[in-house]
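S.K.: here's a sequence, model it:
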Amino acid sequence: MIKIEASTLEDAYARAAAKLTCSVTQLQVEIVQYPTKGFLGIFQKNAVIVARCIVTDNADEAPKQTSQKACETIVEDTPAMVSQERVVMASSDTLVVESVDQVIYNDTIMPESFVTDQKEEAVDIKAYEDTDVPHRSNNIDTNFFEDKRSVDEIAQEIDAKINALFAKICFDIDTIKVSAYDSETILVEFTGKDAALLIGKEGYRYKALSYMIFNWINSEYNMQLRLEIAEFLKNQEESISRYLVSVIENVDRDGRAQTKVLDGVLVQIALKQLRDTYPDKYVAIRSTRDGLKFIIINDYNNY
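M.R.: Okay, here's the model as predicted:
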């Protein structure tokens with residue numbers, strides 16, 4: 001047991017371990033005085049400890065080695081009864097060795113609760129082969145080998161559904177006509193006394209109906225939509241055709257041009273007509289900062 005004085009407890013611990021030639025973890029320390037910094041160097045006190053080294057007796061290692069050897073088991077190649085030694089710690093800190101008999105199965109020692117002495121039973125393969133497993137059909141099974149329906153068949157189905165939908169509408173309209181416009185487009189025509197009311201001011205009702213019907217037809221049948229209400233679409237196409245005459249002249253003269261700001265369905269009509277007129281040029285829709293749309297026509301290497 002030694003007495004150490006140092007400026008800090010950590011320094012005192014280190015010095016005690018060095019003098020006793022042992023690890024800090026093996027020290028048994030009693031702190032006599034805690035260190036204080038004082039005030040402006042006055043009343044400063046060092047740490048004072050009394051330490052001694054806790055020596056581990058070599059005799060404690062002997063039972064551990066003996067117990068490790070006692071716990072080792074030898075596995076033989078042939079099935080037999082093996083006596084395995086189990087170490088039990090008694091209340092008086094003494095080691096008691098018990099002998100436990102276990103059965104070896106496939107060269108591995110396992111408790112009896114995991115294995116049994118029953119013989120393996122032969123599996124009746126025919127019983128499994130003759131078992132009928134019920135099959136639940138679904139839409140994938142029924143539609144996997146189904147031939148793709150024609151555009152006319154799709155148009156007939158849309159015709160029935162859309163007329164049933166608008167049957168209770170408050171407007172006085174004729175029966176809605178649905179037909180195939182081309183291989184990828186369905187033509188839906190609204191006619192009647194109040195059909196023009198479905199267009200709305202500046203075509204806002206036309207835009208809403210076109211958006212809703214297109215989303216239904218495209219998601220359900222993967223088809224495009226051409227919506228005609230009281231010849232509204234036809235009149236818009238004629239109006240755009242007259243306007244595009246000057247735009248086409250600019251393209252033919254300068255090789256490039258752009259349209260004015262077009263709204264709603266007009267930009268789509270103009271885009272289709274310009275792409276039909278200039279299949280070898282870059283024709284695309286552009287937007288202003290305010291979200292307004294116009295069309296540019298240019299060569300592919302200059303856009």
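S.K.: going by C-alpha atoms from here, please, whenever you check contacts or count neighbours.
M.R.: Will do.
S.K.: separation between Phe171 and Ser7?
M.R.: According to C-alpha to C-alpha, to the nearest Å, Phe171 and Ser7 sit 99 Å apart.
S.K.: show me the contact partners of the longest helix seen in the chain.
M.R.: Among the segments of the chain that qualify as a helix by DSSP state H, the longest is helix 232-254. The set of residues external to helix 232-254 that reach it, using C-alpha atoms under 8 Å, 6 or more residues apart in numbering, is 199, 227-228, 256-259, 266, 269-270, 273, 297.
S.K.: out of those, list just those in helices.
M.R.: Secondary structure of the contacts of helix 232-254 is defined by DSSP H; positions in helices are 266, 269-270, 273.
S.K.: quick one: buried residues of the longest helix of the chain?
M.R.: 233, 237, 240, 247-248 (16 or more other C-alpha atoms under 10 Å).
S.K.: go on, stretch 163-179?
M.R.: By neighbour count, and taking 16+ other C-alpha under 10 Å as the criterion, the buried residues in stretch 163-179 are 173, 175-179.
S.K.: and for stretch 217-233?
M.R.: Under the neighbour-count criterion of 16+ other C-alpha under 10 Å, stretch 217-233 has 217, 223-230, 233 buried.
S.K.: sitting in strands, which of those residues do you find?
M.R.: Here DSSP state E is the test, and the buried residues of stretch 217-233 give 224-229 as lying in strands.
S.K.: and the residues you listed as CSV, adding pLDDT and distance to Val188?
M.R.: Written out in CSV, the entries for these read as follows (pLDDT from 0 to 100; distance: C-alpha to C-alpha, whole Å):
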residue, pLDDT, distance to Val188
Gln224, 90, 11
Leu225, 91, 7
Arg226, 92, 6
Leu227, 93, 5
Glu228, 94, 6
Ile229, 94, 8
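S.K.: and the two most separated of these?
M.R.: Of all pairs drawn from those, the one with the longest distance (C-alpha to C-alpha) is Gln224 and Ile229, at 16.5 Å.
S.K.: among the ones in helices among the contacts of helix 232-254, which one has the most neighbours?
M.R.: The member of the ones in helices among the contacts of helix 232-254 that has the most neighbours, counting by other C-alpha atoms under 10 Å, is Ala270 with 23 neighbours.
S.K.: leaving out chain neighbours, which residue sits closest to that one?
M.R.: Ile240 (6.3 Å; C-alpha to C-alpha, 6 or more residues apart in numbering).
S.K.: on that earlier part again, can I get the buried residues of stretch 163-179 in CSV with distance to Val29 and pLDDT?
M.R.: Compiled in CSV, the buried residues of stretch 163-179 are given as follows (distance: C-alpha to C-alpha, whole Å; pLDDT from 0 to 100):
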residue, distance to Val29, pLDDT
Ile173, 102, 92
Thr175, 102, 94
Ile176, 100, 94
Lys177, 101, 95
Val178, 98, 96
Ser179, 99, 94
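S.K.: which of these sit farthest apart?
M.R.: Counting by C-alpha to C-alpha, the most remote pair of the buried residues of stretch 163-179 is Ile173 and Ser179, 17.6 Å apart.
S.K.: could you list the buried residues of stretch 2-22?
M.R.: Within stretch 2-22, the residues that qualify as buried by neighbour count (16+ other C-alpha under 10 Å) are 4-9, 12-13, 15-17, 20, 22.
S.K.: same question but for stretch 286-303, I mixed them up
M.R.: Buried residues in stretch 286-303, counted by 16+ other C-alpha under 10 Å: 293-298.
S.K.: from these, which is closest to Val151?
M.R.: When these are compared for distance to Val151 (C-alpha to C-alpha), Ile295 comes out closest, at 31.4 Å.
S.K.: show the model's pLDDT score for the residue nearest to that closest one when sequence neighbours are not counted.
M.R.: The spatial neighbour of Ile295 that comes closest, neighbours along the chain excluded (C-alpha to C-alpha, 6+ apart), is Ile285 at 4.5 Å. The pLDDT attached to Ile285 in the predicted structure is 93.
S.K.: so who does Ile285 touch?
M.R.: Applying C-alpha under 8 Å, 6+ apart to Ile285 gives the contacts 267, 271, 293-296.
S.K.: tell me which stretches of the protein form helices.
M.R.: Using DSSP H, the helices assigned to the chain run over residues 9-20, 61-71, 125-129, 139-144, 151-165, 204-221, 232-254, 265-277.
S.K.: and those helices as a markdown table, adding mean pLDDT?
M.R.: Output for these, formatted as a markdown table (pLDDT from 0 to 100):
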| stretch | mean pLDDT |
| --- | --- |
| helix 9-20 | 88 |
| helix 61-71 | 47 |
| helix 125-129 | 52 |
| helix 139-144 | 52 |
| helix 151-165 | 94 |
| helix 204-221 | 92 |
| helix 232-254 | 93 |
| helix 265-277 | 90 |
